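Predicted model follows, preceded by the sequence.
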Amino acid sequence: MERTLVLLRHGQSEWNKKNLFTGWRDPDLTEQGHAEAKSAGKILGERGMKFDIAFTSVLQRAEKTCQHILDGVGQPDLETIHDQALNERNYGDLAGLNKDDARKKWGDEQVHIWRRSYDTPPPGDEGESLKDTGARVWPYYMNEILPRVMAGNTVLVAAHGNSLRSLVIILDNMNTENILTLNLATGVPLIYKLNADTSVASKEVIELG
């Protein structure tokens with residue numbers, strides 16, 4: 001039985017291009033972002049990939065990326081579930097700030113910790129650490145996504161850098177020390193094949209060229 005899970009970070013957004021912290025803010029894709037998503041969909045389509053169901057967040061940069069992928073594989077009307085559990089982490093008071101300006105204010109090391117560490121949230125009451133993000137992403141994965149994969153479905157998840165990082169930590173069996181170096185490129189599909197015990201049988205990163 002094939003158990004296939006495809007993870008994809010959305011294409012470049014307008015705020016990615018402007019080097020702004022985004023989080024739960026809802027900018028659109030840039031022209032490059034649309035192109036990245038379309039390219040990923042085209043490559044998956046050329047490989048004969050077909051999905052049984054798709055999951056995405058409620059933020060338009062992920063939703064539009066998801067639709068580009070489905071268009072590219074010839075399944076534009078596939079059932080797609082939108083849920084804020086897959087939203088990007090909430091960057092709290094950093095949302096909307098330029099990352100370079102934040103480094104000048106708080107220092108490179110502190111900003112890097114906020115961006116890449118496991119359990120240090122950014123400033124602000126709503127700011128989420130990666131651990132906090134995982135606390136909403138993991139149960140959703142276990143209860144809604146994983147059962148579909150284990151039933152033999154091919155599942156697409158189009159989401160965000162940090163919501164997907166929290167899944168990759170589980171799938172790749174990473175420890176918290178490795179997380180600082182983990183970064184997911186925009187528009188690059190990760191194809192996981194799972195074993196019957198839900199562990200990873202194989203992982204493939206599809207380069208867009």
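Ah, there it is.

list the helices and strands the helix or strand containing residue 105 packs on?
Assigned by DSSP states H and E, residue 105 belongs to helix 99-106. Packed against helix 99-106 by the contact rule (3 or more CB pairs under 8 Å, 6 or more residues apart in numbering; DSSP states H and E) you find helix 108-116. C-beta here means a position set from N, CA and C on the backbone, and glycine is covered the same way.

Show me how far the helix it packs on is from its chain's centre.
How far helix 108-116 lies from its chain's middle: 20 Å, per CA atoms, centre = their mean, to the nearest Å.

Now do the helix or strand that that helix is followed by, average pLDDT.
Going down the chain from helix 108-116, the next helix or strand is helix 130-140, by DSSP H and E. Taken as a whole, helix 130-140 has a mean pLDDT of 96.

cool, stretch 56-72 as well?
Averaging pLDDT along stretch 56-72 gives 98.

can I get the CA coordinates of that stretch in PDB?
Provided in PDB are the C-alpha atoms of stretch 56-72 (Å, rounded to 0.1, in the frame of the first residue of the first chain):
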ATOM      1  CA  THR A  56      -4.000  24.000   3.600                       C
ATOM      2  CA  SER A  57      -4.200  27.000   6.000                       C
ATOM      3  CA  VAL A  58      -6.700  29.800   5.800                       C
ATOM      4  CA  LEU A  59      -4.100  32.300   4.600                       C
ATOM      5  CA  GLN A  60      -4.200  33.200   0.900                       C
ATOM      6  CA  ARG A  61      -0.500  32.600   0.100                       C
ATOM      7  CA  ALA A  62      -0.900  28.900   1.100                       C
ATOM      8  CA  GLU A  63      -4.400  28.600  -0.400                       C
ATOM      9  CA  LYS A  64      -3.300  29.900  -3.800                       C
ATOM     10  CA  THR A  65      -0.200  27.800  -3.700                       C
ATOM     11  CA  CYS A  66      -2.300  24.700  -3.100                       C
ATOM     12  CA  GLN A  67      -4.600  25.600  -6.000                       C
ATOM     13  CA  HIS A  68      -1.700  26.000  -8.300                       C
ATOM     14  CA  ILE A  69      -0.400  22.600  -7.400                       C
ATOM     15  CA  LEU A  70      -3.800  21.000  -8.000                       C
ATOM     16  CA  ASP A  71      -4.100  22.800 -11.300                       C
ATOM     17  CA  GLY A  72      -0.700  21.500 -12.200                       C
END
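
which intervals of the protein have sub-threshold pLDDT?
Applying pLDDT under 70 to the chain picks out residues 180, 209.
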